[in-house]
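> Provided below are the primary sequence and the corresponding predicted coordinates.
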Amino acid sequence: MPAAKTPACIWLMGLPGAGKTTLARALKPILAERTGAAVLLDGDELRSGLCSGLGFEKEDRLENIRRCSEVAKLVLNSDCSVVASCITPYNMQRELIRNTLAGFNISFVYLSASLEVCEQRDPKGLYRKFREQGPYPLTGKGDPFELPTQPVLTIDTGNLSIEQSIDAILEYCLPF
């Protein structure tokens, strides 16, 4: 009988447009192959369902991440791995995740693309909306993004390809 595979959680965080969803989608099948099964928890998708009643004020952002980390815990308890793709702008959120997922294999990966790169990509039109409609709580513009104090890995997605970024995640977060 083959040895049981240990579930893992890779938590991708960074500014809007840093490449979180793109990397998460590419990483999910690899994580599933290495650990048995994987689930993608994307911040935007969670906001359209489980977290649809939440806004973008600090308290709502905290609740959004609390819910995501609780779902991640349920998934990990079911022996499935998790790729979470959420902005996660505050260090207090990261500590909450760390506490919620204590005892599990979790790796925080900070995607450090510059604000200029993120604005050029602007896949959801958030930066354009910010410029055209005036200030609202957009992370990196109207709302802060606190630099992570304890990421396992920092990846500059403005200078690395998707493949290079995935290789770095696999090397540092999933050496098994």
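The structure has been received and is ready for your questions.
> Can you list phi and psi of the closest residue in space to Phe104 that isn't next to it in sequence for me?
In space, and not counting its chain neighbours, Phe104 is closest to Leu76: 4.9 Å by Cβ to Cβ, 6 or more residues apart in numbering. To be clear about C-beta, it is placed using only N, CA and C from the backbone, and glycine gets the same treatment. The phi and psi torsions at Leu76 (degrees, to the nearest 10) take the values phi -60, psi -40.
> Please pull up the helix or strand immediately following whichever strand or helix holds Cys68.
According to DSSP states H and E, Cys68 maps onto helix 58-77. Elements were assigned by DSSP H and E; along the chain past helix 58-77, the next helix or strand is strand 81-85.
> What are the contacting residues of that following strand?
With contact meaning Cβ atoms under 8 Å, 6 or more residues apart in numbering, strand 81-85 is reached by 7-12, 20-21, 23-24, 27-28, 31-32, 35-43, 68, 72, 75-76.
> Lys73: what's it in contact with?
Thr100, Leu101, Phe104.
> From Leu74, how far off is the first one?
Going back to what we said before, that points to Thr100. Look at Thr100 and Leu74: by Cβ to Cβ, to the nearest Å, they are 11 Å apart.
> what does Tyr172 give?
From Tyr172 over to Leu74 the distance is 26 Å, taken as Cβ to Cβ.
> Between those two, which is the more surrounded one?
Per other Cβ atoms under 10 Å, whichever of Tyr172 and Leu74 has more neighbours is Tyr172, with 15 against 12.
> Surely Thr154 is in a helix?
No - with DSSP: H, G, I helix; E, B strand; the rest coil as the criterion, Thr154 is located in strand rather than a helix.
> and it, what pLDDT?
Reading off the per-residue confidence, Thr154 sits at a pLDDT of 93.
> Could you do Leu31 as well?
At Leu31, the model reports a pLDDT of 91.
> Now do the strands in the chain.
8-14, 38-42, 81-85, 105-111, 153-155 (DSSP state E).
> Could you say which of the ones you listed is packed most deeply?
Across the strands of the chain, averaging neighbours per residue (mean count of other Cβ atoms under 10 Å) puts strand 81-85 on top, at a mean of 28.
> partners of it in the sheet?
Using DSSP bridges, the strands paired with strand 81-85 in its sheet are strand 8-14 (parallel), strand 38-42 (parallel).
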